[in-house]
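> Please work out how this folds:
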Amino acid sequence: MKHSSNPQVKIGEFFFPPKRVLIRWLDPGYSKLYVIGNEYGALCAVWQRNEQDALDEAWNADLLKGLAIDEKYYKELIAEYGDNAPVMYLGNASEPADAEHAWITKIPRTQISDRLYAIMLAAYDRGRNTL
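Okay, here's the model as predicted:
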């Protein structure tokens, strides 16, 4: 983590405020670290077992506002594209989100510093959901 009045966590090539790194499902033998973003950049990092669960977890934690679409735009997309609309449904409520500009990438363990990984494990062991 960078030391400043605005601390940041470096994961791979991305930087996040600690509250945008979800560790609730951190399990070295089970989960993977995913970074989720849109056309403007990375939005958050999430430990989860697969991409869909990572997207749902981040949506439920209110970290994907950059992918939210309003009802009017949603209706326009469905009218124009039908079943092929660039929309994904996220979270417990299966809310529509922008799939056209969304991206997700898995971060290999080798791109997470040993120090940061130890901090993540310690926070997880204390029952924290974020860093």
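> Now do the contacts for Asn50.
Lys32 (CB atoms under 8 Å, 6 or more residues apart in numbering). The way it works is simple: take the backbone N, C-alpha and C, and place the C-beta from them, glycine included.
> measure it to His101 for me?
21 Å (CB to CB, to the nearest Å).
> cool, Met120 as well?
For Met120 relative to His101 (CB to CB), the value is 28 Å.
> who's more crowded, these two?
Shown here are Met120 and His101; by other CB atoms under 10 Å, Met120 has more neighbours (21 against 13).
> tell me the mean pLDDT for the helix or strand containing the more buried one?
Using DSSP states H and E, Met120 falls within helix 114-125. Averaged over helix 114-125, pLDDT sits at 94.
> tell me which residues of that helix are tucked away?
Neighbour-count burial for helix 114-125 flags 119-120, 123-124 (criterion: 16 or more other CB atoms under 10 Å).
> Then stretch 46-65?
46-48, 53-59, 61, 63-64.
> got it, and stretch 22-31?
22-23, 25-26, 31.
> Can you tell me which of the residues you listed is nearest Val87?
Leu22 (23.2 Å; CB to CB).
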